[in-house]
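Trainee: Next one to model:
(4 chains)
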Number of protein chains: 2
Amino acid sequence: MSKKFEYDYPLPAVTVDMAIFTIRKNRLQVLLIQRRDDPHKGKWAIPGGFVEVGVGHKARGKQGESLEQAAERELLEETSLQRDRDQVFLEQLYTFGNPGRDPRGRVITVAYYALISPEAYRRVEAGDDAVEAAWFDVEDLPTMAFDHDQIMVAAIERVRGKIDYDPRLAKALLPSEFTSRQFRRVHEVCKGTSYDRSNFNKRFKRIVEDGRILETDDTQEPTGAGRPARLYQFPE
Amino acid sequence: MSKKFEYDYPLPAVTVDMAIFTIRKNRLQVLLIQRRDDPHKGKWAIPGGFVEVGVGHKARGKQGESLEQAAERELLEETSLQRDRDQVFLEQLYTFGNPGRDPRGRVITVAYYALISPEAYRRVEAGDDAVEAAWFDVEDLPTMAFDHDQIMVAAIERVRGKIDYDPRLAKALLPSEFTSRQFRRVHEVCKGTSYDRSNFNKRFKRIVEDGRILETDDTQEPTGAGRPARLYQFPE
DNA sequence: CCAAAAGTGTTCTCACTACACCCATGT
DNA sequence: ACATGGGTGTAGTGAGAACACTTTTGG
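Mentor: Purely as a prediction, here's the structure:
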């Protein structure tokens, strides 16, 4: 049953690894799994898996799943997301393929990153290859397996750089209706800085005027004290 | 001799494809090859090749070349670059791996893009897999093989977006000493717009004041008429 | 009335834009 | 002198930073 697939040349294995971010307790966190098996048994790693590759020519058979489908599958396996993927931001990050990055053989991994709202998933689950799955603060990460430290650095850098100009990132981290304060918190947590409320509100107002965020009539938030804030939502 | 390499699971082939840009005749151009063989025989395509994958475990043998090395090798094969690679900008672009993108079987390609100065290469050469190699205007590209149209769109978008804030792109397209006019032309050609000379010079001056471009004492350019321009260079 | 949070206003600075003017060189 | 291109200056606009002030809610 083994060694069934034969090729003219040596081929690499291709995996998809994914940095899954969310915001919990006002911290940007990422989902890691603890590896059940060697190599790097017991070490933390970002979730990943092989890309399903079909056999044969285009005309004669399926060639398997796309890279994005593989990433999406991985995401669903780990988080058992509830809502549709409009709530999720998923993007390819970078492809890591240095020889020696996996001691078992040549493995090239296409890294993705995802942002999900805490409301969007039920519970994280340890898969077959993991003894545990847990959320880690991005400021306090363990040493990870393979070159996953490097992948995480790139992923965090991407999130920090992109949230400023792509509202889809904030959208994935927010509930469907949100206040300008929540919107600001998301930016503060991702960037690791704090913003002046007044100045950030001007920036927020411009986004609203451009139609990239819609003002609702509701003005909820019956929190303890203080004036209730207006609620906003993303278009569509 | 064939079917020598056996695996437990079907594996994809991994290639590196590369969009090689330069500036010729005040136009942003890209190097394409005309395919000698099927599939897409006779069609234009961006240069590419398989990533060299070794065999065996990390401890027992080499696992082949890195993705960046593969891209560099491809670049040298096509352009027979003369100078060292400080003159070249090379960066990973995106990984394309949709099933069906190559009719022969599952092929995942890690796309790179490179910027080279016209002074840095001798002559472009058609490799074994091509009948011809030629420079095309990015505004006037032919229909290309595989999903190379899509790759080119992404590559051009990256160049246009990144040249504004990363001086390494302009550096790769300029001679070692250059005038502010040449620097501006590079930006104009890449972005496809034109910049006010005075305003661009202020921007240029800020880059110089930040030390990202150095002012030389030379003030060459014995061109026909007009005041000779000051020469600048990049650090190091 | 007071605390707390939302919401707005004022001023300064800085970068980008449009446009005008002077400087240095070859013919 | 004049054409050609380099270099600089001015005024307007718009975004970001620092900071002060007003408004609306619960207790």
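Trainee: Show the contacting residues for the nearest residue to A:Phe96 once chain neighbours are set aside.
Mentor: Of all residues not flanking A:Phe96 in the chain, A:Thr109 sits nearest, at 5.3 Å (C-beta to C-beta, 6 or more residues apart in numbering or on different chains). C-betas here are computed from N, CA, C, even on glycine. Listed by C-beta atoms under 8 Å, 6 or more residues apart in numbering or on different chains, the contact set of A:Thr109 reads A:14-17, A:48, A:95-97, A:101, A:151.
Trainee: Mark which of these are part of strands, please.
Mentor: A:14-17, A:48, A:95-96 (DSSP state E).
Trainee: May I ask you to name the longest helix in chain A?
Mentor: helix A:148-162 (DSSP state H).
Trainee: Find the centremost residue of chain A, please.
Mentor: A:Ala114 (1.8 Å; C-alpha atoms, centre = their mean).
Trainee: that older thread, near DNA strand D at all, the next helix-or-strand element following the longest helix of chain A?
Mentor: The C-terminal neighbour of helix A:148-162 among helices and strands, as given by DSSP states H and E, is helix A:167-173. No. On the criterion C-beta under 7 Å from any atom of the strand, helix A:167-173 is out of touch with DNA strand D, staying 13.4 Å away.
Trainee: how about the strands in chain A?
Mentor: Under DSSP E, chain A gives strands at A:5-7, A:13-24, A:27-35, A:44-45, A:48-50, A:89-96, A:107-115, A:130-137, A:214-215, A:232-233.
Trainee: okay, these, which one's buried deepest?
Mentor: Burial of the strands of chain A is given as mean neighbour count (mean count of other C-beta atoms under 10 Å in any protein chain shown); strand A:107-115 ranks first at a mean of 26.
Trainee: sorry, back to before: in the sheet, who's paired with the residue nearest to the centre of chain A?
Mentor: A:Ile20, A:Leu90 (DSSP bridges).
Trainee: and it, what is it in contact with?
Mentor: A:18-21, A:71, A:75, A:88-91, A:172.
Trainee: I'd like to know which of the residues you listed is nearest to B:Glu6.
Mentor: Nearest to B:Glu6 among these: A:Ala71, at 28.3 Å, using C-beta to C-beta.
Trainee: any chance of the contacts of A:Thr109 in CSV, with pLDDT too?
Mentor: Converted to CSV, those look like this (pLDDT from 0 to 100):
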residue, pLDDT
A:Val14, 97
A:Thr15, 98
A:Val16, 98
A:Asp17, 98
A:Gly48, 94
A:Thr95, 98
A:Phe96, 98
A:Gly97, 96
A:Arg101, 93
A:Ile151, 98
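Trainee: Can I get those in JSON lines including distance to A:Ala120?
Mentor: Converted to JSON lines, the contacts of A:Thr109 look like this (distance: C-beta to C-beta, whole Å):
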{"residue": "A:Val14", "distance to A:Ala120": "28"}
{"residue": "A:Thr15", "distance to A:Ala120": "24"}
{"residue": "A:Val16", "distance to A:Ala120": "20"}
{"residue": "A:Asp17", "distance to A:Ala120": "21"}
{"residue": "A:Gly48", "distance to A:Ala120": "21"}
{"residue": "A:Thr95", "distance to A:Ala120": "27"}
{"residue": "A:Phe96", "distance to A:Ala120": "27"}
{"residue": "A:Gly97", "distance to A:Ala120": "31"}
{"residue": "A:Arg101", "distance to A:Ala120": "31"}
{"residue": "A:Ile151", "distance to A:Ala120": "23"}
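Trainee: A:Ile108 against A:Leu11, yeah?
Mentor: No. Shown here, A:Ile108 and A:Leu11 do not form a contact pair, counting by C-beta atoms under 8 Å, at 9.9 Å.
Trainee: Give me the common contacts of those two.
Mentor: B:Val14.
Trainee: Look at A:Lys62 and say how many residues are nearby.
Mentor: Applying other C-beta atoms under 10 Å in any protein chain shown, we find 14 residues neighbouring A:Lys62.
Trainee: which parts of chain A sit against DNA strand C?
Mentor: A:179-181, A:197-199, A:201, A:205, A:219, A:223, A:225-230.
Trainee: Quick check: which ranges of chain A have low pLDDT?
Mentor: For chain A, the stretches flagged by pLDDT under 70 are A:1-3, A:56-61, A:82-86, A:122, A:221.
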